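Peer 1: Here is my input; please provide its structure:
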Amino acid sequence: MGGGARGSLERARRDIAGYAEDGLPWEQFGTVVTEAAARVIPFDAAVISMVDPTTGLLTNIVRTGIDDTRDELFMRIELTRPDPLTLTALADQPDGVGILADHVGSDPHSSPRVRELLAPHFDLEHEMRGVVRSSGSMVAASGLYRARTRPGFSAEEASSLAALEEVVAAGLRRILLARPREPLRQAAGPAVVVVDAGGRVREMTSAAESRLRSHHGSPGGPGGLAASVRMVAEASRVRQAGHDIVPRARVRDEDGRWFLVEAAPLRNGARSGRTAVTIQPAAPEEMLDLELGMYELTPRERAVIREVLAGASTSRIAADLGISVYTVQDHLKAIFAKTGVSSRRELVASLADRRPR
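Peer 2: Next comes the predicted model:
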């Protein structure tokens, strides 16, 4: 990498790190990341998305040069079609970045994603993908694309994308751990949406309409309906076809409030393709699990925290976990350092909104 390229990469890293400190909402932060990456890695279109680390479903998606009209097709291909460059495979790779051409050679159309989605619908052929991980789990993913007439992505550009993972993860961690800017108002009844096989809303309750508006605008059509709702609905249809996927995701709205989005087929869903999607506030226990995953805690440290939140003493924790009191104390020191607190009381207070109840 030449000096100019290194300088551009370092500027991009500094810019992303600076905005990460500002605690921007994900939609703004994702735009900043995309703009910074574009100064180092030219592209024609890009997508960056949060990912539910438990189910692997994409949720809050930020796009440049590409729209959301084919989200269901993307999800169907990602979950059901064999491809040499899946996000789940990248999450297991050391650098977390892959160039499609490295796997398919001179025939990008051998990839179902290019053949069925990118080329015919968006006139894109070259692809590079990257993942962002925390505690070993994928929490975000990105895709950069170029048209057929442009050069493909290079190994140097792949290294640049990999070099951005750490600062993007830091910004995402700050976003995920931030408290909501606005309290959640009580919904007037259950929030249920009926989505057809094309991702269009067919019916919804008034509570669902209210909540979908907090997920980026009007819910009346494919362009306005929250991407997470469409993704989870498609995951339900994929599950019906016999694929191993859980149609649920934790999603953050623009005001920082967390929802659990789940989907299941209607009774005649196999014939009509219609799916019922529910949107409800995420349970504290589920958010505790997500938050602990952002602190890079070990499984044993997570177990200790759960004991602390349950009010257990040091000796009780030692007995429950089958370890010595001194080992519990060592775990607590590590936990305090990772979470930025100095006592049990501060730890409990920092996690108060996530405590099971």
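Peer 1: How far does stretch 110-125 stretch from one end to the other?
Peer 2: This stretch, stretch 110-125, spans 11 Å end to end (CA to CA, to the nearest Å).
Peer 1: In contact with residue 143: list those residues for me.
Peer 2: 46, 47, 48, 127, 128, 129 (CB atoms under 8 Å, 6 or more residues apart in numbering). Backbone N, C-alpha and C define where each C-beta goes, glycine included.
Peer 1: and of those residues, the nearest to residue 68?
Peer 2: Of all those, residue 68 sits closest to residue 47, with 9.5 Å by CB to CB.
Peer 1: any idea how far residue 141 is from the closest one?
Peer 2: For residue 47, the distance to residue 141 (CB to CB, to the nearest Å) stands at 8 Å.
Peer 1: ditto for residue 346
Peer 2: From residue 346 over to residue 141 (counting by CB to CB), the distance is 33 Å.
Peer 1: what do you get for residue 131?
Peer 2: Following CB to CB, the distance that separates residue 131 from residue 141 is 5 Å.
Peer 1: what sits in contact with each of those two?
Peer 2: In contact with both residue 131 and residue 141: 51, 87, 90, using CB under 8 Å, 6+ apart.
Peer 1: Return the member of the residues you listed nearest to residue 339.
Peer 2: residue 51 (22.6 Å).
Peer 1: check contacts around that closest one.
Peer 2: Contact partners of residue 51, counting by CB under 8 Å, 6+ apart, are 57, 58, 59, 87, 131, 138, 139, 140, 141.
Peer 1: can we see that at 6 Å?
Peer 2: Applying CB atoms under 6 Å, 6 or more residues apart in numbering, we find residue 51 in contact with 58, 138, 139, 140, 141.
Peer 1: what mean pLDDT does the helix or strand hosting residue 262 have?
Peer 2: Residue 262 belongs to strand 258-265 when assigned by DSSP states H and E. The average pLDDT within strand 258-265 is 91.
Peer 1: just stretch 116-126 next, same as before
Peer 2: The average pLDDT within stretch 116-126 is 96.
Peer 1: got it, and stretch 199-210?
Peer 2: Mean per-residue pLDDT for stretch 199-210: 86.
Peer 1: how long is it from one end to the other?
Peer 2: Stretch 199-210 has an end-to-end distance of 19 Å (CA to CA).
Peer 1: Next: stretch 134-153.
Peer 2: Start-to-end span of stretch 134-153 (CA to CA) is 26 Å.
Peer 1: how far does that stretch sit from the chain's center?
Peer 2: 14 Å (CA atoms, centre = their mean, to the nearest Å).
Peer 1: Neighbouring strands - and their directions - for the strand holding residue 262?
Peer 2: As defined by DSSP bridges, the strand partners of strand 258-265 come to strand 248-252 (antiparallel), strand 275-281 (antiparallel).
Peer 1: TSV for those, including distance to residue 76 and mean neighbour count?
Peer 2: Listed next are the strands paired with strand 258-265 as TSV, based on distance: least, CB to CB, whole Å; neighbours: other CB atoms under 10 Å:
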stretch	distance to residue 76	mean neighbour count
strand 248-252	16	23
strand 275-281	13	21
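Peer 1: Low-confidence regions, this protein specifically.
Peer 2: Residue ranges of the chain with pLDDT under 70: 1-4, 181-188, 214-225, 269-271, 352-357.
Peer 1: where do the helices sit along the stretch 1-150 of the chain?
Peer 2: Counting by DSSP state H, counting those that start in this stretch, the stretch 1-150 of the chain has helices at residues 3-22, 26-38, 71-80, 87-90, 101-104, 112-113, 119-122.
Peer 1: got it, and the stretch 151-300 of the chain?
Peer 2: In the stretch 151-300 of the chain, the helices defined using DSSP H, counting those that start in this stretch lie at 155-163, 165-177, 206-213, 227-240, 269-272, 284-294, 299-309.
Peer 1: Need the winner for burial among those.
Peer 2: Of all the helices of the stretch 151-300 of the chain, helix 227-240 has the most neighbours on average by mean count of other CB atoms under 10 Å, namely a mean of 25.
Peer 1: re earlier: which of residue 346 and residue 141 has more neighbours?
Peer 2: The neighbour count for residue 346 versus residue 141, taken as other CB atoms under 10 Å, is higher for residue 141 (23 against 13).
Peer 1: show me the residues around the more buried one that make contact.
Peer 2: By CB under 6 Å, 6+ apart, residue 141 lies in contact with 49, 51, 87, 131.
Peer 1: Repeat the analysis, applying 10 Å as the threshold.
Peer 2: 47-51, 56, 58, 61, 87-88, 90-91, 96, 129-133 (CB atoms under 10 Å, 6 or more residues apart in numbering).
Peer 1: So which of the residues you listed sit within strands?
Peer 2: Using DSSP state E, 47, 48, 49, 50, 51, 58, 61, 129, 130, 131, 132, 133 are the members of these that sit in strands.
Peer 1: how's this protein carved up into domains?
Peer 2: 3-177, 192-283, 297-354 (automatic domain parsing).
Peer 1: Let me know the closest of the ones in strands among the contacts of residue 141 to residue 339.
Peer 2: Nearest to residue 339 out of the ones in strands among the contacts of residue 141 is residue 133 (CB to CB; 18.9 Å).
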